[in-house]
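Student: take this sequence and fold it.
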Amino acid sequence: MSCNKDHNSTDNIIKDLPLSQGSFERHKCAACAYEMGLTNGENKILNFNIQEFISNLDESQKTNRRHRSALEAYTLGFFHGLNGTNNHLAIKDKQRIANQMKLFGASMVARGLVNSTFSEYGNPYSHPMGLVQVANGFEILIKARIVEEHPLLIFSKIPKDNHISDGNIKFEDLLEHGQTIMYSELPDRLWATTGYKFESIKLFKDFGKIRNQIIHFAVPNKDLNELTLEFTFKVVEKSLNDWWDITILEFALDFEPDFLEYIFEDIKRLKLPINYKIDTSDKLIKIN
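Tutor: Coordinates of the predicted model:
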């Protein structure tokens, strides 16, 4: 069914949004999506099934909304609803925020991977520490991927008006007054935002439970280093490859220059998936 609403004013707002012909937002009315985002932003409604809403929108390829991303339109409307059409400072800074999160998260995962690779002899509790670091780092990486779409989508609680001195939500306001979603909620939010699904969702959840056990109670009697390696290469590394075409191995080399020699022994022993290999000069190269 085609959209017959009068969207003349909205069309001028969304005319410069990215194009999208993909998945559930294909040919959907971006103007309708923007206006619903505007309403939800004004009412500060965060628990909203964006994919279901966009999937049920009427189709429209008229004028300036032709091929525009309905998801981008919704999120822009949401931010405008929160702060007004000219007061969206945090979204202007979203790539810097995402890049900072990406680098920090990848470094944390890499540090955890190094801790999990070598023996605990002389390094007590390095394996449980490594597991926690990998889990925490990957949580940051998932949020970085979501922030690339829209900074507010990682929050379950946003700053209230009385916390914003000049009426503009800035990065610092989100850090001080915002509350991000929990680890267990990340797969659903990531999927709703980007369409990306983890192949090993059970491994993701089980790994998070063990992380919580270590943090909140005690270290379980399990082979934590092998579990961490499995999670890193079946979930984390695959995500980094898919999202940004990077590998966690490059970051691990910052902490241990001889790391590749040891990690590839474990990868072979545990039969873990990997899209990289070492060439004759001991350099890391991607497998075509």
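Student: which residues in the protein form helices?
Tutor: Counting by DSSP state H, the chain has helices at residues 8-14, 30-42, 50-55, 70-83, 89-92, 94-117, 126-147, 171-177, 186-194, 201-216, 224-231, 237-244, 248-252, 259-270.
Student: burial check on residue 47, number of neighbours?
Tutor: Neighbourhood size, residue 47 [other CB atoms under 10 Å]: 6. To be clear about C-beta, it is placed using only N, CA and C from the backbone, and glycine gets the same treatment.
Student: which segments of the chain make up each domain?
Tutor: 8-86, 91-256 (automatic domain parsing).
Student: average pLDDT across the first one?
Tutor: Averaged over domain 8-86, pLDDT sits at 78.
Student: how far away from the center of its chain is that domain?
Tutor: Domain 8-86 has its C-alpha centroid displaced from the chain centroid by 21 Å (CA atoms, centre = their mean, to the nearest Å).
Student: do the last one as well
Tutor: Using CA atoms, centre = their mean, the mean C-alpha position of domain 91-256 is found 8 Å from that of the whole chain.
Student: ok so, going back, export the helices of the chain to JSON lines and tack on mean neighbour count and distance to residue 24?
Tutor: JSON lines is the format used below for those (neighbours: other CB atoms under 10 Å; distance: least, CB to CB, whole Å):
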{"stretch": "helix 8-14", "mean neighbour count": "16", "distance to residue 24": "18"}
{"stretch": "helix 30-42", "mean neighbour count": "24", "distance to residue 24": "11"}
{"stretch": "helix 50-55", "mean neighbour count": "17", "distance to residue 24": "5"}
{"stretch": "helix 70-83", "mean neighbour count": "25", "distance to residue 24": "8"}
{"stretch": "helix 89-92", "mean neighbour count": "18", "distance to residue 24": "22"}
{"stretch": "helix 94-117", "mean neighbour count": "20", "distance to residue 24": "22"}
{"stretch": "helix 126-147", "mean neighbour count": "24", "distance to residue 24": "17"}
{"stretch": "helix 171-177", "mean neighbour count": "15", "distance to residue 24": "27"}
{"stretch": "helix 186-194", "mean neighbour count": "18", "distance to residue 24": "10"}
{"stretch": "helix 201-216", "mean neighbour count": "15", "distance to residue 24": "20"}
{"stretch": "helix 224-231", "mean neighbour count": "21", "distance to residue 24": "29"}
{"stretch": "helix 237-244", "mean neighbour count": "18", "distance to residue 24": "19"}
{"stretch": "helix 248-252", "mean neighbour count": "21", "distance to residue 24": "30"}
{"stretch": "helix 259-270", "mean neighbour count": "15", "distance to residue 24": "36"}
